[in-house]
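Q: Got a predicted structure plus its sequence, pasted below:
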Amino acid sequence: MKNKKRVLVTGGAGYIGSHTVIELLNAGYEVTAIDTLERSEIRIVEGVKSITGMDFDFQKIDCLDEAAMEQLFSSNQFDSVIHFAAYKSVNESVEKPLLYYKNNIGSLMVLLEVMKRYQVHDLIFSSSCTVYGQPDQIPVDESAPFKRAESPYGATKQLCERILEDMATEGIRVVSLRYFNPIGAHPSGIIGELPIGVPNNLVPYVTQTAAGVRAQLTVFGNDYNTPDGSCLRDFIHVCDVASAHVKAIQFLEAKSSDKIFETFNLGTGVGVSVLELVKKFIEVTGVTLQYKIGPRRPGDVEKVYANPQKISTAFGWNARYDLGQSLAHAWQWEKRIRGIQ
Ligand code: WQD
């Protein structure tokens, strides 16, 4: 008698994927996680096992590998899938658009075909607030129209959502979660975002500057039409992002309809500026931070933060961590990987 539901987590060794595996295990699901480990390391998988005290199946598989995906689905009975596996760097996508279209869209196509073949119906998709471009109305809600994506990365998320919307007629039920700015690390300090190359994102650059790995943070522009001139964003703790994925699975489990395509903004609803974040980091860590004001970064939207009403009502979910806690956890992780006391 099958008593526990099994979830396939693609990209399960990644930043958000690994934190989500923790929440799934703690919620009583069996988990199979796959990852190429091209942009992660097996120590993250081991970290998840040590945090939860639970084992789970991990396999080094590329979603683009049709034979491997066929073998995976023929030897497991999955009740649902969470699809994280994708490249996610905005500016890398500008430099390498073909890499992004092939990987982010190609991997989804392989996954959808094998889900259909094995009658696996429920899919949680890792989308992004970049699908909105620069919204006309802030805070942004799910009814906001897609503007032209600022990057190939954002375009892949728009295209994937369109593909998924059309899959309703093929029996795939979808919840698409549009992440705002995930930051921080697990409170244990055992897992977090692995630093690969020079960070594009703000918070890893802040923590690496505080750790002395980078000489100085550059704030990209303070001449925007915002209270302090720097861009506004919605920074959400990665553990809050993770817990919303369990709620998304349970949302689908509770639905009898065979045609579902729902999108949800996954943010705190609180707009925070770049300079406010820098000041909060200094306040919560007591670390001095060298920063300067530089020119605007091409492709940046001026301000974007979520209206989280829909996800709060539908999932009974709210972000638990505030900005200070997220930054404290990010700094704790940075100190751990740099061997700083
Ligand atoms: C945030 C702000 C920069 C670095 C991210 C993800 C993307 C998507 C949306 C999920 C901007 C400023 C940054 C630095 C800075 N999330 N900045 N100095 O661009 O909002 O996109 O969230 O899909 O995948 O990348 O995040 O952290 O790069 O930038 O001033 O050294 O910080 O200009 O205003 P962004 P970010």
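A: Cool, got the structure.
Q: List, one by one, the residues from the stretch 101-250 of the chain near the ligand.
A: 128-130, 179, 181, 200-202, 205, 217-220, 231, 233 (CB under 6 Å from any ligand atom). Backbone N, C-alpha and C define where each C-beta goes, glycine included.
Q: ok, of those, which one's closest to residue 157?
A: residue 128 (4.7 Å; CB to CB).
Q: Quick check: the gap between that closest one and residue 341.
A: 36 Å (CB to CB, to the nearest Å).
Q: which of these two has more neighbours?
A: A side-by-side neighbour count of residue 128 and residue 341, using other CB atoms under 10 Å, places residue 128 first with 24 against 3.
Q: Was I right to think that one contacts residue 155?
A: No. With contact defined as CB atoms under 8 Å, residue 128 does not reach residue 155; the gap is 10.8 Å.
Q: Low-confidence regions, the stretch 201-341 of the chain specifically.
A: Judged by pLDDT under 70, the stretch 201-341 of the chain has no weakly predicted residues.
Q: And the strands in the protein, which stretches?
A: 6-10, 30-35, 57-60, 80-83, 122-128, 173-179, 181-183, 217-220, 232-233, 235-237, 261-266, 272-273, 291-294 (DSSP state E).
Q: Let me know the pLDDT of residue 150.
A: As predicted, residue 150 sits at a pLDDT of 80.
Q: How about the residue of the stretch 51-200 of the chain found nearest the ligand: what's its closest non-neighbour residue?
A: The nearest approach of the stretch 51-200 of the chain to the ligand comes at residue 128, 3.1 Å away (CB to the nearest ligand atom). Leaving aside its chain neighbours, residue 128 sits nearest to residue 157 (4.7 Å; criterion: CB to CB, 6 or more residues apart in numbering).
Q: Could you do residue 217 as well?
A: Distance criterion CB to CB, 6+ apart; nearest residue to residue 217, sequence neighbours excluded, is residue 291 at 4.0 Å.
Q: in terms of contact, does the one you found touch residue 209 like I think?
A: Yes. With contact defined as CB under 8 Å, residue 291 reaches residue 209; the gap is 7.3 Å.
Q: Would you mind telling me which of the two has the busier surroundings?
A: Shown here are residue 291 and residue 209; by other CB under 10 Å, residue 209 has more neighbours (22 against 18).
Q: Name the nearest residue to that one, ignoring sequence neighbours.
A: residue 217 (4.6 Å).
Q: burial of residue 216, as a residue count?
A: 11.
Q: measure the closest residue to it other than its chain neighbours to the ligand for me?
A: Closest residue to residue 216 apart from its sequence neighbours, by CB to CB, 6+ apart: residue 290 at 4.3 Å. Residue 290 sits at a distance of 12 Å from the ligand (criterion: CB to the nearest ligand atom, to the nearest Å).
Q: Please report phi then psi for residue 290.
A: phi -80, psi 120 (degrees, to the nearest 10).
Q: All the helices of this structure, in order from the start?
A: 15-26, 42-52, 66-74, 90-95, 97-100, 106-117, 152-166, 202-210, 238-253, 274-285, 309-315, 323-338 (DSSP state H).
Q: Is there proximity between the last one and the ligand?
A: In other words, helix 323-338. No. Judged by CB under 6 Å from any ligand atom, helix 323-338 stays clear of the ligand, getting no closer than 11.7 Å.
Q: Can you name every helix or strand that that helix contacts?
A: If contacts are counted by 3 or more CB pairs under 8 Å, 6 or more residues apart in numbering; DSSP states H and E, helix 323-338 sits against strand 181-183, helix 202-210, strand 235-237, helix 274-285.
Q: hang on, the earlier thing: what residues are up against the residue nearest to residue 128?
A: Residue 157 sits next to 104, 127-128, 130-131, 149 when contact means CB atoms under 8 Å, 6 or more residues apart in numbering.
Q: buried subset of those?
A: Buried by 16 or more other CB atoms under 10 Å: 104, 127-128, 130-131, 149, out of the contacts of residue 157.
Q: one step back: now do the same for the residue nearest to residue 128: its pLDDT.
A: 96.
Q: go on, residue 196?
A: 85.
Q: Can you tell me how far it is from residue 14?
A: For residue 196 relative to residue 14 (CB to CB), the value is 11 Å.
Q: Neighbour count: these two, which is higher?
A: Neighbour tally, residue 196 and residue 14, criterion other CB under 10 Å: the higher count belongs to residue 14, 26 against 12.
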